[in-house]
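> Let me see the structure of the following:
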Amino acid sequence: MTGPFPGLGGLTRVEQSGSQPLRVRRIQPGEPQGDVQRLRREVYFQEQGQPEKQRSRRISDGLDASGTIMVVEVGRQAVASLRVHDFGCPAVQVEYGSLFEIDRFARAWPLERVAVCTRFAVQADQRIKSVVDSLVEATYRHAQDHGIQFGLIACEPYLYSVFEQYGFHEYLPPVILPSGEALLRMALVVDDAVVLEECASPLASLVRHPIAGNAARGWLMRTFPDRALAV
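Sure thing, here's the model as predicted:
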């Protein structure tokens with residue numbers, strides 16, 4: 001989940017301006033993506049003054065057709081989006097399995113219960129708490145509805161505080177890209193009431209099965225003992 005999001009690390013609590021309410025929806029695999037690609041193009045390229053390469057994988061790739069895309073809209077305009085895949089999809093295993101050491105999860109969990117979140121994009125003038133909360137809460141509910149126990153992300157260090165406030169923690173050391181940039185590998189345990197309450201996550205009130213969440217956190221701590229979710 002790399003990408004330029006200047007200022008996102010310090011989300012403001014200013015509420016949505018204007019008269020149009022936020023709408024949150026899930027774009028299911030195979031459905032039209034509407035305004036999402038415009039949002040990605042604006043965030044990944046135009047905002048940074050970088051030229052867009054034709055058919056860039058940053059805007060759309062082969063996984064778009066099989067992932068569920070969460071989108072927050074104001075009117076007809078997408079202002080925030082996040083894509084979710086579970087690792088039951090072989091293409092997702094090929095693309096992200098090594099990065100997240102998914103083989104270690106596969107020894108104990110059906111891969112449909114482990115998901116990766118990618119293509120995080122928030123419009124520059126909408127980097128406010130109400131918008132990002134809506135996006136993350138929709139993603140969390142999607143995970144619960146589909147029996148997902150672990151949500152994984154890879155992000156640049158300046159986004160750490162954004163995801164930490166929702167309950168994500170590093171479970172592996174950072175990976176260093178060929179460019180020299182670091183990516184943080186973070187996990188959120190779904191229904192982990194202890195961690196969500198400890199960090200005052202907006203997701204804490206959504207917990208459905210705290211016993212299952214506690215067991216999953218215990219497994220993660222035993223399997224990745226150097227970093228995983230110490231409380």
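> quick one, strands of the protein?
Along the chain, counting by DSSP state E, strands occupy 22-27, 68-74, 77-86, 114-122, 150-155, 169-176, 182-189.
> Can you lay out the ones you listed as TSV showing mean pLDDT?
Shown next, in TSV, are the strands of the chain (pLDDT from 0 to 100):
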stretch	mean pLDDT
strand 22-27	93
strand 68-74	96
strand 77-86	96
strand 114-122	96
strand 150-155	97
strand 169-176	95
strand 182-189	96
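> JSON lines please, covering those and showing mean neighbour count.
Just so you know, the C-beta spots here come from the backbone N, C-alpha and C atoms, and that holds for glycine as well. Shown next, in JSON lines, are the strands of the chain (neighbours: other CB atoms under 10 Å):
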{"stretch": "strand 22-27", "mean neighbour count": "16"}
{"stretch": "strand 68-74", "mean neighbour count": "22"}
{"stretch": "strand 77-86", "mean neighbour count": "23"}
{"stretch": "strand 114-122", "mean neighbour count": "25"}
{"stretch": "strand 150-155", "mean neighbour count": "22"}
{"stretch": "strand 169-176", "mean neighbour count": "17"}
{"stretch": "strand 182-189", "mean neighbour count": "22"}
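> Save these as a markdown table, and put in distance to D133 too.
Conversion of these to a markdown table gives the following (distance: least, CB to CB, whole Å):
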| stretch | distance to D133 |
| --- | --- |
| strand 22-27 | 10 |
| strand 68-74 | 10 |
| strand 77-86 | 10 |
| strand 114-122 | 12 |
| strand 150-155 | 16 |
| strand 169-176 | 19 |
| strand 182-189 | 14 |
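> for those strands, which one sits closest to L196?
Closest to L196 of these is strand 182-189 (CB to CB; 8.7 Å).
> Partner strands of that closest one and their direction?
Sheet pairing of strand 182-189 (DSSP bridges) gives strand 150-155 (antiparallel), strand 169-176 (antiparallel).
> Return the set of buried residues in the helix-or-strand element of the chain with minimal mean pLDDT.
Ranked by mean pLDDT, DSSP states H and E, the weakest helix or strand in the chain is helix 36-44, scoring a mean of 90. By 16 or more other CB atoms under 10 Å, the buried positions in helix 36-44 come out as V36, L39, R40, R41, E42, V43, Y44.
> Between all of those residues, which two are separated the most?
Once CB to CB is applied, the buried residues of helix 36-44 give V36 and Y44 as the farthest pair, at 12.0 Å.
> Mind listing the shared neighbours of these two?
Counting by CB atoms under 8 Å, 6 or more residues apart in numbering, the contacts common to V36 and Y44 are A121.
> So V195 is in contact with A204, correct?
No - using CB atoms under 8 Å, V195 is not in contact with A204; the gap is 9.0 Å.
> ok, the two, which is more surrounded?
Under the neighbour definition other CB atoms under 10 Å, V195 and A204 were set side by side, and V195 has more, 21 against 17.
> Apart from its chain neighbours, what residue comes closest to the more buried one?
Leaving out its chain neighbours, the residue that sits closest to V195 by CB to CB, 6 or more residues apart in numbering is G167, at 5.3 Å.
> which residues touch the one you found?
Taking CB under 8 Å, 6+ apart, we find G167 in contact with L188, V189, D192, V195, L196, C199, S201, L203.
> same thing but 6 Å
By CB atoms under 6 Å, 6 or more residues apart in numbering, G167 lies in contact with L188, V195, L196, C199, S201, L203.
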